[in-house]
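Participant: Make a model of this:
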Amino acid sequence: MEAATEQVLYHIADKLRVLSVQCTSLNPAGNSGHPTTCASCAEIMSILFFHHMRYDKVDKRDFNSDRFVLSKGHAAPILYAAWSLVDDALVNGGKLNLRTMGVAQTELVNHLRETKHVLEGHPTPKLDFVDVATGSLGQGINCAAGMAYAGKYFDKASYKTYCLLGDGETAEGSVYEAMAFAGFYKLNNLIAIIDLNRLGQSDPTMYQHDVSTVANRWQAFGWNAVVLDGHDIQALNEALTKADSSDKPTVLVCKTFKGRGFENIEDKLNWHGKPLSDPQKFVDALIAKMPDGEVVFPASKEAVKDAPLVSLANVDFAKSPIPEGTTKMSSRKAYGISLAALNNDRVVALDGDVKNSTFSIDFMKVFPDRFVECYIAEQNLVGAAIGMACRDRTIAFASTFAAFFSRAYDHIRMGAISQTNVNLVGSHCGISIGPDGPSQMALEDLAMFRAIPTCSVFYPSDAVSTAHAVKIAANTKGMCFIRTTREDTPVVYSSSEHFAPGKSHVLKQSAADKVLVIAAGITLFEALKAHEKLAADAINVRVIDVFCVKPLDKALILESAKACGGRVVTVEDHYPEGGIGEAVAGALSEETGVVVKRLAVHDIPFSGKSADLLDLFNINSRAIIETVKSF
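Facilitator: Predicted structure coming up:
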């Protein structure tokens, strides 16, 4: 690197510090934010955005461009500052007066964290230069690993993925999951950069400035680990250049100082997340070091245009996934063969070492190059899937036992903020799985996913409805969750049945129906048994298969409830909190003359035979009949 370029990058780093102080500590909209954590990574951001990364400055979601994930999301001000300089330099012919502010910089300084403004406290994809929301620490590297995997193995393209982590978040288990994943798959297009600034929020971090210990850990996971001074532009340049030709993922362990450049604040505790006192003093001191007049920004490298054009629209089945004449099949089995029958070669499947139980193995057998084994690391399973779905590069389906998604719930929650289109499929739901016992029984999964604002929740009951749930999910914007059942169940739908989001199905009805019974999955068949037994006693009930728990088919349920005199029974293999019963009760809560009686699993279950457990926990046909007769 030429000395002149190096000097400009140092000036840009100081300008990033200035903007970080101004928008957090001199903001007319209100002072808040993290100027000190921005200051420690200023040189890192300077060399990445203004020298090393290849990206389109106009089309910020260009699929050929390098990706950048700010895992330490509380450093959002410096990310916004970098892009404000990019934008202002672009309209000014590639040069700026660093002592003044352009339009984009002024917007940042005046509106960071302002109510309803897109420059939020932590990055979200409301901004077109942000792929995934960060701020819940330890997650950015999972998403970055997914992006890198997609770049290397699906796109087979030149773009790289850079992820900037804070040292405190590297204590998270999710980071270790990503380290193992990237090392195992030799994601040499992934560069992690640790801003090892020594100080956490309330105390020094675990290893402070023990760079060797940190580097050795990453190296043990198969990474090329480089220790360097994170404030040294030349050292950063050399390390990044070497990473370009590495056959492994690279981590730069950068020794830095929190609050760098702020006298009497640098490397001091108790400044985390606080505006600076007397901020103008620091701004003036940094600006005084900058040259007069305009500075020509370093010439940037162009993105290599070698990622394929893809389309994720109008996904359908290449052939009917459920063999003609099938009378019985588990919905988990139907999931695997339906996924393999989709006609888009950007459909990818991830699993957490249970593919022979979730039956994603059936997809793997047909498309091994589009199957990703994530092993027993559910946080990375979900995070990597979210990363693979970014910039519309893949239609990602991730499967495991539904109970195990609880380990990744924060990633799922953040996925909604990231506006992800990822599809999650959970098998082995409820007490019906029997002998394995409660540790394997998902009984809170519907509540989890119903609580996610952008998530559609499907609970198919047979093979045909499962196939349609898979196709709908592949075409649905936003997150989708499909709940599958372990046991083989009868096929109740014809291949011509129409399925849609927010649509339930009436399976049994008459003009003389007295009670509406609503169920899904294994309990649907208990409801159908109850229907037959009650009919023998001249008691007619209407049976609805929910299919889509969210959005719920309120119109059909209300119409059917009224037709049955306002008497409703829900039955589900799930805890009562947050499941089908509460969804139905909520939908009918403003209606008068309606009573909803809810059958669900009301206690922590135990091992046993499936039929015994359904009976003991009162979600079988006997319990339904008794409840119907109790009206």
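
Participant: show me where pLDDT drops low in the stretch 401-550 of the chain?
Facilitator: Counting by pLDDT under 70, the stretch 401-550 of the chain contains no low-confidence residues.

Participant: ok, which stretches of it are helices?
Facilitator: Defined through DSSP state H, counting those that start in this stretch, the helices belonging to the stretch 401-550 of the chain, from first to last, are 409-417, 445-450, 463-475, 522-536.

Participant: how distant is the longest helix anywhere in the chain from the center of its chain?
Facilitator: Taking residue count as the measure and DSSP state H as the definition, the longest helix of the chain comes out as helix 3-25. Using CA atoms, centre = their mean, to the nearest Å, the mean C-alpha position of helix 3-25 is found 32 Å from that of the whole chain.

Participant: Just the C-alphas of stretch 147-166, formatted as CSV.
Facilitator: Only the C-alpha atoms of stretch 147-166 are listed here, as CSV (Å, rounded to 0.1, in the frame of the first residue of the first chain):
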residue,chain,number,x,y,z
MET,A,147,-23.7,-16.4,3.3
ALA,A,148,-20.2,-17.7,2.7
TYR,A,149,-21.4,-21.3,2.3
ALA,A,150,-23.9,-20.1,-0.4
GLY,A,151,-21.2,-18.1,-2.1
LYS,A,152,-18.7,-21.0,-2.2
TYR,A,153,-20.9,-24.0,-2.8
PHE,A,154,-24.2,-22.8,-4.4
ASP,A,155,-23.2,-19.6,-6.3
LYS,A,156,-19.6,-20.7,-6.8
ALA,A,157,-18.8,-17.0,-7.0
SER,A,158,-15.9,-14.6,-6.1
TYR,A,159,-17.7,-12.5,-3.5
LYS,A,160,-16.4,-12.8,0.1
THR,A,161,-18.2,-12.3,3.4
TYR,A,162,-16.7,-10.2,6.1
CYS,A,163,-18.0,-10.3,9.7
LEU,A,164,-16.9,-7.9,12.4
LEU,A,165,-17.3,-9.2,15.9
GLY,A,166,-16.9,-7.7,19.3
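
Participant: So for that stretch, what gets flagged as buried?
Facilitator: Neighbour counts using 16 or more other CB atoms under 10 Å place 147-155, 157, 159-166 of stretch 147-166 among the buried residues. For every residue, glycine as well, the C-beta is placed using N, CA and C.

Participant: can you check stretch 213-220 too?
Facilitator: Buried residues in stretch 213-220, defined by neighbour count with 16+ other CB under 10 Å: 214-215, 217-219.

Participant: from the residues you listed, which is closest to Ala623?
Facilitator: Minimum separation from Ala623 among these (CB to CB) is found for Arg217, which lies at 53.0 Å.

Participant: Find the nearest non-adjacent residue to the closest one, please.
Facilitator: When the adjacent residues along the chain are set aside, Arg217 lies closest to Met179, with 7.8 Å between them (CB to CB, 6 or more residues apart in numbering).

Participant: ok, back up a step: which ones among the buried residues of stretch 213-220 are found in helices?
Facilitator: Per DSSP H, the buried residues of stretch 213-220 map to helices at 214-215, 217-219.

Participant: Pull the number of nearby residues for the closest residue to Thr326 other than its chain neighbours.
Facilitator: Of all residues beyond its chain neighbours, the one nearest Thr326 is Val491 (5.6 Å), with distances taken as CB to CB, 6+ apart. Residues contacting Val491 under the criterion other CB atoms under 10 Å number 19.

Participant: Pull the contacting residues for Val491.
Facilitator: 322, 326-329, 462-464 (CB atoms under 8 Å, 6 or more residues apart in numbering).

Participant: how close does it get to Lys529?
Facilitator: To Lys529, Val491 is 16 Å away according to CB to CB, to the nearest Å.

Participant: Repeat that for Val366.
Facilitator: Shown here: Val366 relative to Lys529, a distance of 36 Å by CB to CB.

Participant: what do you get for Met101?
Facilitator: Distance, Met101 to Lys529, by CB to CB: 72 Å.

Participant: Could you do Thr24 as well?
Facilitator: Separation of Thr24 from Lys529 (CB to CB) stands at 63 Å.

Participant: higher neighbour count, these two?
Facilitator: Set side by side, Thr24 and Lys529 give different neighbour counts by other CB under 10 Å, the larger being at Thr24 (27 against 15).

Participant: Enumerate every residue touching the closest residue to Cys390 other than its chain neighbours.
Facilitator: Spatially, and ignoring its direct neighbours in sequence, Cys390 is nearest to Asp131 (4.5 Å; CB to CB, 6+ apart). Taking CB under 8 Å, 6+ apart, we find Asp131 in contact with 61, 67, 69, 125, 143, 147, 387, 390-391, 418.

Participant: repeat for Pro35
Facilitator: Residues in contact with Pro35, defined by CB under 8 Å, 6+ apart, are 17, 20-21, 24-25, 77, 259, 262, 275-276, 279.

Participant: change it to 6 Å
Facilitator: Residues touching Pro35, when contacts are defined by CB atoms under 6 Å, 6 or more residues apart in numbering, comprise 20-21, 24, 276.

Participant: same check, this time on Leu599
Facilitator: Residues counted as contacts of Leu599 (CB under 6 Å, 6+ apart) are 571, 618-619, 623.

Participant: Next, give me the two most distant ones among the residues you listed.
Facilitator: Using CB to CB, these reach their maximum pairwise distance at Val571 and Asn618, which is 8.8 Å.

Participant: Those two: who's more crowded?
Facilitator: Val571 (29 against 16).

Participant: Distance check, the most centrally placed residue in the chain against Tyr409.
Facilitator: Computing the C-alpha centroid of the chain and ranking residues by CA atoms, centre = their mean puts Gly415 first, at 2.9 Å. Distance, Gly415 to Tyr409, using CB to CB: 10 Å.

Participant: got it, and Trp83?
Facilitator: The span separating Trp83 from Tyr409 equals 31 Å under the rule CB to CB.

Participant: can you check Val175 too?
Facilitator: Plainly put, Val175 is 17 Å away from Tyr409 if you go by CB to CB.

Participant: Can you pick out the residue with more neighbours from those two?
Facilitator: Taking neighbours as other CB under 10 Å, Val175 and Tyr409 compare with Val175 leading, 25 against 18.

Participant: all strands of the stretch 151-300 of the chain, in order?
Facilitator: For the stretch 151-300 of the chain, the strands defined by DSSP state E, counting those that start in this stretch occupy 161-166, 190-196, 224-229, 250-255, 294-296.

Participant: Of the ones you listed, which is nearest Val596?
Facilitator: Among these, the nearest to Val596 by CB to CB is strand 161-166 (47.7 Å).

Participant: ok, back up a step: between the buried residues of stretch 213-220, which is closest to Val304?
Facilitator: Trp218 (27.1 Å).

Participant: Can you name the residues that contact the nearest residue to Phe617 once chain neighbours are set aside?
Facilitator: The shortest distance from Phe617 to any residue that is not its chain neighbour, by CB to CB, 6+ apart, is 4.9 Å, and that residue is Val601. Contacts were defined as CB under 6 Å, 6+ apart; by that measure Val601 touches 431, 443, 575, 617.

Participant: if we go to 7 Å?
Facilitator: Under the criterion of CB atoms under 7 Å, 6 or more residues apart in numbering, the contact partners of Val601 comprise 431, 443, 573-575, 617, 619.

Participant: Who wins on neighbours among these?
Facilitator: Using other CB under 10 Å as the neighbour criterion, Asp573 leads the contacts of Val601 with 33 neighbours.

Participant: That one should be in a strand, yeah?
Facilitator: No: when DSSP: H, G, I helix; E, B strand; the rest coil is applied, Asp573 is found to be coil, with no strand at that position.
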